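S.K.: predicted coordinates and the sequence they were generated for:
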Amino acid sequence: MLALFAFVCGIGWFKRRRWAWIAGVAGVAVNLVGDLVNMVIGGWWKGAGGVVIAGLLLTYMTRPSVRDYFPQT
């Protein structure tokens, strides 16, 4: 189900659908929280690497130029 959801979101992303952008931002945010939890429970290096990558990706995805690429309908 997750793979199907990601596939549908990917199609929406390439069609510049706002809901796909929201789903992508939400997915990266959930991943960031999971990496923070990994850091807290002892997987320091695994979590830290994920936090850096997800943080940079989330920062990029929420920039006005990227957000405006997905018009509200």
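M.R.: The structure has been received and is ready for your questions. Numbering: from 1, shown residues only.
S.K.: can you tell me what sits against stretch 11-25?
M.R.: 5, 9-10, 58, 61-62, 66-67, 69-73 (CB atoms under 8 Å, 6 or more residues apart in numbering). The C-beta positions use only the backbone N, C-alpha and C, and glycine is treated the same way.
S.K.: got a list of what the residue most central in space within the chain touches?
M.R.: Taking CA atoms, centre = their mean, the centroid of the chain lies closest to Val28, which sits 2.2 Å from it. Listed by CB under 8 Å, 6+ apart, the contact partners of Val28 are 54, 57-58, 61.
S.K.: the residues you listed, buried ones only, as a PyMOL selection?
M.R.: Listed next is the PyMOL selection for buried residues among the contacts of Val28, using 16 or more other CB atoms under 10 Å:
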select buried, resi 54+58+61
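S.K.: let me know the next secondary structure element after the longest helix belonging to the chain.
M.R.: Longest helix in the chain, counting residues (DSSP state H): helix 18-40. Proceeding N to C from helix 18-40, the next assigned helix or strand is helix 44-61, under DSSP states H and E.
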